[in-house]
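**Q** Pasting the sequence and the predicted coordinates here, then a few questions.
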Amino acid sequence: MVINTHVVNFTTTGAFVRFIEELLSLIESHPGPLIIAGDFNTWNFRRWFNLLKILAQYEVRPIEFDFDPRVLKLDHVFTRGFRVTHAHIHHHIQSSDPFPLEVWLEWSS
């Protein structure tokens with residue numbers, strides 16, 4: 001399953017958490033591999049830690065990038081059931097406010 005999202009911005013942490021919980025209600029009955037990616041608007045540590053806590057309940061982990069020049073880390077990729085073989089931020093491409101993220105994953109059934 002793949003979920004691409006743009007989480008609500010400029011709202012309370014409680015509304016942020018409710019949005020994430022509603023989004024994850026889609027995966028409650030999905031036991032298999034999972035990719036969740038997008039703009040999570042995690043512009044403060046409280047949002048980031050709440051997001052990690054909720055995703056951990058579903059064994060969903062963030063992908064860590066070797067070199068990450070971003071000041072505000074708003075965009076993320078999370079997975080379950082995959083092995084990350086490559087994770088790169090294209091910091092030289094500045095066509096938008098976030099840098100493009102490139103992730104290569106390996107899955108074996």
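**A** Cool, got the structure. Numbers count the residues shown, from 1 in each chain.
**Q** in this structure, which spans are strands?
**A** 2-6, 34-39, 61-62, 75-80, 83-89, 101-106 (DSSP state E).
**Q** and Arg1, how many neighbours?
**A** Just so we're on the same page, residue 1 is Met rather than Arg. Using other Cβ atoms under 10 Å, Met1 has 12 neighbouring residues. C-beta: built from backbone N, CA, C; applies to glycine.
**Q** Please work out which residues outside the least confident helix or strand in the chain by mean pLDDT touch it.
**A** In the chain, no helix or strand scores lower on mean pLDDT, DSSP states H and E than helix 13-24, which sits at a mean of 91. The contact list for helix 13-24 (Cβ atoms under 8 Å, 6 or more residues apart in numbering) reads 3, 5, 7-8, 11, 36, 41, 46-47, 50-51, 54-55, 58.
**Q** If I take it and strand 34-39, what angle do their directions form?
**A** 140 degrees (axes from the mean of the first three to the mean of the last three Cα atoms, to 10 degrees).
**Q** tilt between helix 13-24 and strand 2-6?
**A** Using the same axes, to 10 degrees: helix 13-24 against strand 2-6 is 150 degrees.
**Q** ok so, going back, make CSV from the strands of the chain and add mean pLDDT to it.
**A** Formatted as CSV, the strands of the chain follow (pLDDT from 0 to 100):
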stretch, mean pLDDT
strand 2-6, 93
strand 34-39, 96
strand 61-62, 96
strand 75-80, 96
strand 83-89, 96
strand 101-106, 96
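**Q** closest one to Asp68 among those?
**A** With Cβ to Cβ as the criterion, Asp68 lies closest to strand 83-89 of these, at 5.8 Å.
**Q** which other residues reach the closest one?
**A** Taking Cβ under 8 Å, 6+ apart as the rule, strand 83-89 contacts 63-70, 77, 99-107.
**Q** Neighbouring strands - and their directions - for that strand?
**A** Here strand 83-89 is paired, per DSSP bridges, with strand 101-106 (antiparallel).
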